[in-house]
Every structure is written in C-alpha cells, then in structure tokens.
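Asker: Fold the following and give me the result.
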Amino acid sequence: MADTEVLYNDSCPVCRREVHHYARLSTAAGLPIAYDDLGNPDRLQQWGLTPDEAARRLHVRKDAKTYAGIPAFIVLWREIPRYRWLARLVNTPGIRQLAILTYDHVLAPLLFHWHKRRQARQKSGRE
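Answerer: The predicted structure is shown next:
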C-alpha cells in the first residue's frame, strides 16, 4: 500500500503532464506513491470528493490526512528527492501565501474552466 496518494485530473493536459512527470520520478526512485485519476469513480468515492471538487485542485493524502492545492504540492514535493528544495522554498512564509493565492485564484480556476469547456465539447460531440 502506498504511503502517499495523489488524486489528479488526467483529462487535463497540464495536470496530466505534470503528475505523470512526478509519477515517473517516484517510480524510478521506488517511492510508495499511488496516483489516482479522478475519472475513476471507485477511487473518487474513496477520496470522498465529487468530480468537480476533485477537478478544482490537486489532492494528496498522507498519514490519513488530505491536502488540497499548494499544501498538496508541498506534501508531494517533499516525497520526491528532486523536488524537496521546491517544497522548502514554497513552504517559506510569504512565498507560501503568495503561492496559495496564485494557485487558488488564478491557476486552479483557469485549469478548472478549461476542464469544464473540454467536458462541454465532449458532451456536444465536438471533440
């Protein structure tokens, strides 16, 4: 069983590319990290999130606690040796607050908007 679990939106090209990069690094290092796509209804139910809640931010579960957004990235980055420096940097007071504001009010809403547009195009048969 994985010590750390990551829930991400595999249908988002940006999210998929970034998380697959982390997955390659963690697999190569033999790290006990599991990666779940929010498109899997069984796994999504185990996270206790709706599809929209899950699509709005990256989620990481470690030690029975779930983190979302920048705190989730920090937990994940701490696990991956190549990214530990980034976890320390982003967790620095001031930088952490700026990163959270940027992610919560700019990046995550933009990615979620693109996600909803992709879903709408798929439903209308344009994709």
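
Asker: Please name every helix or strand in contact with the worst-scoring helix or strand of the chain on mean pLDDT.
Answerer: Here the helix or strand of the chain ranked lowest by mean pLDDT, DSSP states H and E is helix 41-47, holding a mean of 88. With contacts taken as 3 or more CB pairs under 8 Å, 6 or more residues apart in numbering; DSSP states H and E, helix 41-47 sits against strand 4-8, strand 33-37, helix 51-56. Placement of C-beta: from N, CA and C, glycine included.

Asker: Tell me which helix or strand comes right after the last one.
Answerer: The C-terminal neighbour of helix 51-56 among helices and strands, as given by DSSP states H and E, is strand 59-62.

Asker: how far is the helix or strand just after that next one from where the chain is centred?
Answerer: Next in sequence after strand 59-62, counting helices and strands by DSSP H and E, comes strand 65-68. How far strand 65-68 lies from its chain's middle: 10 Å, per CA atoms, centre = their mean, to the nearest Å.

Asker: Next, the buried residues of strand 65-68.
Answerer: Buried residues in strand 65-68, counted by 16 or more other CB atoms under 10 Å: 66-68.
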